[in-house]
Structure formats: C-alpha cells, structure tokens
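1. model the structure of this input:
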Amino acid sequence: MGGTVCNSASSYFEAMRTVMAKVDAAAVDRYADTLFKAWKDRRRVFVFGNGGSASTASHHVCDYVKTAMVPGQPRLLAFSLVDNVGLTTAIGNDLSYEETFSFPLESVAQRGDVAVAISCSGNSPNVVRAAGWAIGNGLTLVGLTGFKGGRLGELSNIHIHVPSDNYGVIEDLHLSIGHIATQMLFGRVKGEKPR
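-> Below you'll find the predicted structure:
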C-alpha cells in the first residue's frame, strides 16, 4: 500500500479532519454548478476512474441519476465509463489499457458534455488520456485528485484536490464530494419549474 497508513480509528479520523479542512469548498460548489448546468442544458456527464476510484465513479452516477431525482423533472444524463466490463476488457486486451476511458468517451461524448475524472495520483495513464481528449474536444473536465494532483489536476477546468497521500482518506473524501454535489443538484432541480 502506498502513502501513509493510520494505526487507529482516532488517527484516521484526525487525518480526515485535517485534510477535509484543506479541500477547496468553492471548487466543489463549482462542480455542483456544472452538474446543474448539464441538467438544464440536457448535456451528458461521464464519470470514470480505476480501482477504488472506479467504484466511486459508479457511486457518483448512481446518486446523480437516482438520489438527485425530482419527480416530474427530467433526470441528469449521467453515465459511468467503468460499468461495461465487456467493453472495458475488450479495449484493454485488443487495443491498450490506456484507451479504456478515451475510447468510449470518443464514441459517445459531444462538445458541451462533462467528463469527471477520478484519480488519487492524478497520473493514471488511462484517466489522463481520456482527460486530454475531453479538454481537446470541448468538454468541461472536472478532476478529483489526491497526492499532488498530478497531470489530471493540471488539465482540469475544475480541480478538486484532496491534499493527502492516504488512499483511504482521499477516496473517502472523493465519495463525500459526490454526496455533496448530489444534494446540491437535488436542491437546485427541486427549485425549478416542472418541465
């Protein structure tokens, strides 16, 4: 396991408190604004990451589509790029693992859509490749990172950085950011006139 490791619950909670205080809340608000704009404009949101970040991507999408749902209103058009195991493994095996997210993004994304890339290091080659494609093709790129932010942080239009080298703390806060954005999205959609 890379990065720091806590040896007690209290030390983990203290690490969470310390790092949480350093996360840019305004960047999280901008992320929620971006999701709401995507909802209003009927743009699509694509979320992706590897390992624990893949699970976080799926969780974000579940919450954006179902938990933020307001009866009588359209739902956010959000999709996880990690949930099609057949496509992901075919791309990794037949093309290259670095194309696992850029390939489906190139297939379905359009200018004006949103890409949400999640990477603790910010340097995962397949995440960075998809992020570069997104920026080059007119998508808004939201990057959720840890450690020093890496290449993903440099590319992102909205960079939400969790300044830690503890994978658990980073991933916990990335998940929390999704919950915050979900609740903000729900509140804003609920305040809109029915469509």
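2. and the most centrally placed residue in the chain, how far from Val5?
-> The chain has Val116 as the residue nearest its centroid, 3.9 Å off, counting by CA atoms, centre = their mean. When CB to CB, to the nearest Å is the yardstick, Val116 and Val5 sit 28 Å from each other. (C-beta placed from N, C-alpha, C; glycine too.)
3. the residue nearest to the centre of the chain: what secondary structure?
-> Per DSSP: H, G, I helix; E, B strand; the rest coil, the local secondary structure of Val116 is strand.
4. contact partners for it?
-> Contacts for Val116 (CB atoms under 8 Å, 6 or more residues apart in numbering) come out as Val45, Phe46, Val47, Phe48, Ala57, His60, Val142, Leu144.
5. contacts only, for Lys190.
-> Neighbours of Lys190 in contact, by CB under 8 Å, 6+ apart: Val70, Gln73.
6. can you give me the strands for the chain?
-> 44-49, 77-80, 114-119, 140-145, 158-161 (DSSP state E).
7. tell me how far the first one lies from the chain's centre.
-> For strand 44-49, the distance between its averaged C-alpha position and the chain's averaged C-alpha position is 7 Å (CA atoms, centre = their mean, to the nearest Å).
8. please tell me how far stretch 134-147 is from the chain's geometric centre.
-> For stretch 134-147, the distance to the chain centre is 9 Å (CA atoms, centre = their mean).
9. put the alpha carbons of that stretch into CSV.
-> What follows is stretch 134-147 as a C-alpha-only set of coordinates in CSV (Å, rounded to 0.1, in the frame of the first residue of the first chain):
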residue,chain,number,x,y,z
ALA,A,134,-12.1,15.7,-23.2
ILE,A,135,-10.3,19.1,-23.0
GLY,A,136,-9.3,18.9,-26.7
ASN,A,137,-12.9,18.2,-27.7
GLY,A,138,-14.8,20.9,-25.9
LEU,A,139,-15.9,19.0,-22.8
THR,A,140,-15.8,20.5,-19.3
LEU,A,141,-13.3,18.5,-17.3
VAL,A,142,-13.7,18.0,-13.6
GLY,A,143,-10.7,16.3,-11.9
LEU,A,144,-10.9,14.7,-8.5
THR,A,145,-7.3,14.0,-7.2
GLY,A,146,-5.2,13.4,-4.2
PHE,A,147,-1.4,13.4,-3.6
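10. and that stretch, which residues are buried?
-> By 16 or more other CB atoms under 10 Å, the buried positions in stretch 134-147 come out as Ala134, Leu139, Thr140, Leu141, Val142, Gly143, Leu144, Thr145, Gly146, Phe147.
11. thank you kindly, that will do.
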